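[1] Show me how the following folds:
(one chain, ligands or ions: 1)
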Amino acid sequence: MTDLGDAYTRDGFVSGVPLLSQENAADHVAKLEAVEAVHGSLHYKSKMHTLLDFAAELASAPHVLDVVEQLLGPDIMLFDVTYIIKEPGSASHVSWHQDLTYWGLSNDEQVSMWLALTAATDQSGCMRMVPGSHKQGQLDHQDTDDKSNVLFRGQSVQGVAENNAVMCPLRPGEASFHHGWTLHASMPNLSNHRRVGFNVQYISPSARQTLHDLDTATLLRGQDRFNHYKADQFATGVMEPEAVSHHAALETLRKETWASA
Ligand SMILES: O=C(O)CCC(=O)C(=O)O
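    Here you go, the predicted structure:
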């Protein structure tokens with residue numbers, strides 16, 4: 001196991017992994033914002049690799065997959081890609097939760113990347129993680145109706161020992177990677193800049209969707225010996241009409257899956 005792999009196994013996350021230059025991160029934000037100027041906010045929409053070629057390219061970049069392989073192993077599927085955007089001065093926050101609770105997967109062979117496209121600091125609402133919390137397995141979550149909670153169900157684990165949590169500030173272009181049982185949260189954005197995160201979920205081909213048989217995921221590296229998923233159609237341009245109409249169905253399916261889990 002690599003140093004990164006050892007730290008990930010021990011803590012349930014690694015942070016500060018440099019993946020993009022600051023210039024490339026700014027360039028990605030400029031492309032994203034050009035699309036948003038026409039189509040509206042792209043905050044928290046799923047399967048963005050089916051809509052934006054530059055999102056598909058970054059999520060499947062070989063140097064990104066080299067890191068994912070150290071944490072997940074050689075067989076890597078792309079499950080989801082989302083931008084998580086906190087506007088300047090917004091109350092948007094994320095409550096303590098574990099990602100895998102609502103995904104309906106049959107096992108926990110999964111890792112999430114959170115790549116900072118702008119500075120993620122304690123001011124702008126970077127992530128907080130509880131080291132070692134992934135070893136507890138799934139904890140009880142309660143739904144809340146806090147409108148400023150980014151999470152779809154406002155799902156929240158109560159009584160987290162916050163003193164044990166560590167801040168994960170990231171410079172533009174740096175990423176953290178966390179496991180789906182790692183407790184994590186984030187605070188509002190009190191800064192005067194947009195906090196833009198590029199959030200990608202990678203799974204092992206062995207992780208099956210247990211709630212229905214409609215889910216999609218795409219092999220990026222290695223072998224799929226299971227054939228649980230139909231592949232997503234990667235974007236070859238930006239918001240192409242056919243992709244946009246297909247995406248609406250993907251988005252509905254994702255919300256129905258989370259709601260029924
Ligand atoms: O973007 C955030 O502040 C939180 C992200 C998160 O909860 C996640 O990536 O699972």
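
[2] Could you count how many residues lie near residue 102?
    Neighbours of residue 102 under the rule other Cβ atoms under 10 Å: 19. (C-beta placed from N, C-alpha, C; glycine too.)

[3] Residue 122 versus that one, what's the distance?
    Distance check for residue 102 against residue 122: by Cβ to Cβ, to the nearest Å, it reads 27 Å.

[4] does the strand or helix carrying residue 247 come close to the ligand?
    Secondary structure assigned from DSSP states H and E places residue 247 in helix 241-260. No: contact of helix 241-260 with the ligand (Cβ under 6 Å from any ligand atom) is absent, the minimum separation being 12.6 Å.

[5] Could you list the buried residues of that helix?
    For helix 241-260, a neighbour-count test (16 or more other Cβ atoms under 10 Å) marks 243, 246-247, 250, 253-254, 257-258 as buried.

[6] could you say what helices and strands that helix packs with?
    Applying 3 or more Cβ pairs under 8 Å, 6 or more residues apart in numbering; DSSP states H and E, one finds that helix 241-260 contacts no other helix or strand.

[7] which stretches of the stretch 1-150 of the chain form helices?
    Assignment of helices within the stretch 1-150 of the chain using DSSP state H, counting those that start in this stretch yields the ranges 3-11, 22-39, 53-59, 62-72.

[8] if you skip the residues just before and after it, what's nearest to residue 196?
    Of all residues not flanking residue 196 in the chain, residue 117 sits nearest, at 4.2 Å (Cβ to Cβ, 6 or more residues apart in numbering).

[9] so how many other residues sit close to the one you found?
    Counted with other Cβ under 10 Å, the neighbours of residue 117 add up to 25.

[10] That one reaches residue 30, doesn't it?
    No: between residue 117 and residue 30 no contact is recorded; they are 10.0 Å apart, counting by Cβ atoms under 8 Å.

[11] Next up, the contacts around residue 126.
    With Cβ atoms under 8 Å, 6 or more residues apart in numbering as the criterion, the residues that contact residue 126 are 116, 120, 167-170, 186-187, 195.

[12] shaky segments in the stretch 151-261 of the chain?
    Along the stretch 151-261 of the chain, no part satisfies pLDDT under 70.

[13] quick one: secondary structure of residue 201?
    Put simply, residue 201 is strand when judged by DSSP: H, G, I helix; E, B strand; the rest coil.

[14] Can you tell me the number of residues neighbouring it?
    Residues near residue 201, counting by other Cβ under 10 Å, number 22.

[15] and it, how far is that from residue 86?
    Distance of residue 201 to residue 86, given as Cβ to Cβ: 19 Å.

[16] Spatially, which residue comes closest to the closest residue to the ligand within the stretch 51-200 of the chain, not counting chain neighbours?
    For the stretch 51-200 of the chain and the ligand, the shortest gap (Cβ to the nearest ligand atom) falls at residue 186, measuring 3.2 Å. Of all residues not flanking residue 186 in the chain, residue 94 sits nearest, at 4.4 Å (Cβ to Cβ, 6+ apart).

[17] How about the contacts made by the one you found?
    Contacts of residue 94 by Cβ under 8 Å, 6+ apart are 127, 149-151, 184-186.

[18] low-confidence ranges in the stretch 1-150 of the chain?
    Counting by pLDDT under 70, the stretch 1-150 of the chain contains low-confidence ranges at 1.

[19] Let me know how buried the nearest residue to residue 160 once chain neighbours are set aside is, in neighbour terms.
    Using Cβ to Cβ, 6+ apart and skipping the chain neighbours, the partner closest in space to residue 160 is residue 96 (4.5 Å). Residue 96 has 21 neighbours, counted by other Cβ under 10 Å.
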